[in-house]
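Student: sharing a model prediction with you, sequence too.
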Protein chains: 2
Amino acid sequence: MLLRKNPTYLGLKLPDMPLPDPSEFIPHLAFDSVVFGFSKGKLKILLMEYHATGWLALPGGFVRKDEALEDAVKRGLFERTGLREVYLEQFHTFGSLERAQPKFMKTILQANGHQVEDDYWMLDRFFSIGYYALLDYEKVSLTPDALSDSIAWYEVEKLPELIFDHDEIVQKALQTLRENLDRKVIGGNLLPERFTMNELQSVYEAILGEKLRRTSFQRKLLSLDILERHEKLFTGKSHKAPYLYSFKD
Amino acid sequence: MLLRKNPTYLGLKLPDMPLPDPSEFIPHLAFDSVVFGFSKGKLKILLMEYHATGWLALPGGFVRKDEALEDAVKRGLFERTGLREVYLEQFHTFGSLERAQPKFMKTILQANGHQVEDDYWMLDRFFSIGYYALLDYEKVSLTPDALSDSIAWYEVEKLPELIFDHDEIVQKALQTLRENLDRKVIGGNLLPERFTMNELQSVYEAILGEKLRRTSFQRKLLSLDILERHEKLFTGKSHKAPYLYSFKD
DNA sequence: TTATTATTGTCTCCTTATGTAACAATAGAA
DNA sequence: TTCTATTGTTACATAAGGAGACAATAATAA
């Protein structure tokens, strides 16, 4: 038996989990979130597993008619992770004809006990706006939505097959994240407030998928003058203790 | 009296220019194109002027229900410029609540002789997907659509006020173009097949909004090994003639 | 107490990239 | 033939990044 603290249905809190009212949402429009976390040296993302089918998908949702796009994404993110303040960036909007796969969507709904007509709105063609989020792995408390059995972390390097075009969406998110990594200093969003230089380097390496030179990395980041140095971190290991850093401001 | 070779209405060829049939298009969804051209050393974009109101807007349109997003953008671009093959890139999707301004839209429709109800679909809230295009200024033949008196080039540095949030859209396009300029080699799309190094440098300067060093620029681009050198261009000026270049492949 | 080990912070040297200036080549005009 | 403006190339200086060396040090072992 599954435990759900906060039963929601694609954003609607509904005790009996009826289907959402189409009149409340923008038709044909959805969002998908690629939520990045970092743990044990690995870059991970959140995936949901739909009831019965076992199909894996990105956490997404619909936009209310009276709701700003970004607020909808934040709402969805909060419902799944419990976090309100996260680094969020839009990266692409997907609008091909091939993304519509009403048969799969119908199966998912059936697995949840819903028999719907062929013209039901959720079976329509959808345009999906992709956002990626960076957050502190330790801070999230995961809550599945009504359609799914679970929401959990998956290593980016070992992703299983995803439903619809969600593989493509993840790859595009990752590509954008990599391109933005050297322009903006965003790696820190995946770490706690204070971190060691080695941890920060591990984040960069996990995102870029390559090893970096320790000395060059340290020199580069210190020269940017964006880090504040704090007390040392004594881990109990028998070697020199590293400093803790935080981002200025 | 205005001469229109190819009367269209937001993509619909209609001799009597009735309003488009809502059932043919995805509701609440539009695209806007920031079309860049380069002429006389200046970076320019295409703007349309709506009938009677004089309001200026980006060329955009709606997406048919059976049409891929990118095809819709290409269709709109072809109708306005006569060009089929252009460099096209999606840069952002705009989905704030403030972008809906039904009063302005109603005025535009009225100026075209259309009285519509308040619940008319074109007055609804729209999500707009922004694309920018790079094309050869000399190759375009401009055709206004049914709602507008004219479509013309405007210097990016001296843009007039635009309708809705189109100023913001232009700035975001320009920002993305600048960021992409050093990652991808896209400046050449604004020039004819063959060009001089000086022309290419001017394109880069116009996009970045800053002067570049002639020698560094030449050295950098030649070292990338993406240019092919052709015959010299004799302009009749009393100095050394520059080589013509084209991009490889 | 002292030696050992692993990791960290910093420095040096070297290579590469870029800024800056100089210079020869040259197409047309004087 | 000389002059002018611009181009293609080279030379030198400075900045940035790769690669390795080395001292500092926290805990453990001797």
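Tutor: Perfect, thanks for sending it. Numbering: from 1, shown residues only, chains lettered A, B, ... in the order given.

Student: please make it C-alpha for all contacts and neighbour counts, starting now.
Tutor: Noted.

Student: sec struct for A:Arg219, please.
Tutor: helix (DSSP: H, G, I helix; E, B strand; the rest coil).

Student: now it: how far from A:Met197?
Tutor: Distance, A:Arg219 to A:Met197, by CA to CA, to the nearest Å: 11 Å.

Student: please apply the same query to A:Asp149.
Tutor: Plainly put, A:Asp149 is 38 Å away from A:Met197 if you go by CA to CA.

Student: for A:Arg219 and A:Met197, work out which one has more neighbours and name it.
Tutor: Using other CA atoms under 10 Å in any protein chain shown, the more surrounded residue of A:Arg219 and A:Met197 is A:Met197, with 20 against 10.

Student: tell me which residues touch that one, please.
Tutor: Contacts for A:Met197 (CA atoms under 8 Å, 6 or more residues apart in numbering or on different chains) come out as A:218, A:242-245.

Student: name the SS class of the closest residue to DNA strand D within chain A, please.
Tutor: When scored by CA to the nearest atom of the strand, chain A has A:His239 as its residue closest to DNA strand D, at 2.9 Å. Secondary structure, three-state DSSP: A:His239 is coil.

Student: for A:Val35, helix, strand, or coil?
Tutor: Using three-state DSSP, the structure places A:Val35 in strand.

Student: just give the nearest non-adjacent residue to it, would you?
Tutor: Among residues not flanking A:Val35 along the chain, A:Ala133 sits closest, at 4.7 Å (CA to CA, 6 or more residues apart in numbering or on different chains).

Student: what count of nearby residues applies to A:Phe38?
Tutor: As a burial measure, A:Phe38 scores 25 neighbours (other CA under 10 Å).

Student: what of A:Phe164?
Tutor: Neighbour tally, A:Phe164, other CA under 10 Å: 18.

Student: distance of it from A:Tyr131?
Tutor: A:Phe164 is 17 Å from A:Tyr131, by CA to CA.

Student: name the residue closest to the centre of chain A, please.
Tutor: Chain A has A:Val35 as the residue nearest its centroid, 1.2 Å off, counting by CA atoms, centre = their mean.

Student: contact partners for it?
Tutor: Neighbours of A:Val35 in contact, by CA under 8 Å, 6+ apart: A:45-46, A:132-135.

Student: re earlier: would you mind measuring from the residue of chain A closest to DNA strand D to A:Leu233?
Tutor: With the distance defined as CA to CA, A:His239 ends up 11 Å from A:Leu233.

Student: between the two, point out the one with more neighbours.
Tutor: Neighbours of A:His239 and A:Leu233, each counted by other CA under 10 Å, are more numerous for A:Leu233; the result is 14 against 8.

Student: ok, which stretches of chain A are helices?
Tutor: A:69-81, A:102-111, A:166-181, A:197-208, A:214-223 (DSSP state H).

Student: ranking these by mean pLDDT, which is last?
Tutor: The stretch with the lowest mean pLDDT among those is helix A:102-111, at a mean of 92.

Student: hey, C-alpha coordinates of stretch A:54-64 in PDB?
Tutor: C-alpha atoms of stretch A:54-64 as PDB (Å, rounded to 0.1, in the frame of the first residue of the first chain):
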ATOM      1  CA  GLY A  54       5.600   1.200 -14.900                       C
ATOM      2  CA  TRP A  55       6.200   3.900 -17.400                       C
ATOM      3  CA  LEU A  56       8.600   6.600 -16.400                       C
ATOM      4  CA  ALA A  57       8.100  10.200 -17.100                       C
ATOM      5  CA  LEU A  58       9.300  13.700 -16.200                       C
ATOM      6  CA  PRO A  59       7.300  15.500 -13.500                       C
ATOM      7  CA  GLY A  60       5.100  18.000 -15.400                       C
ATOM      8  CA  GLY A  61       1.700  19.500 -15.400                       C
ATOM      9  CA  PHE A  62      -0.700  21.900 -16.900                       C
ATOM     10  CA  VAL A  63      -1.100  25.700 -16.700                       C
ATOM     11  CA  ARG A  64      -4.200  27.200 -15.100                       C
END
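
Student: relative to the whole chain's centre, how far out is that stretch?
Tutor: From the chain centre to the centre of stretch A:54-64 is a distance of 11 Å (CA atoms, centre = their mean, to the nearest Å).
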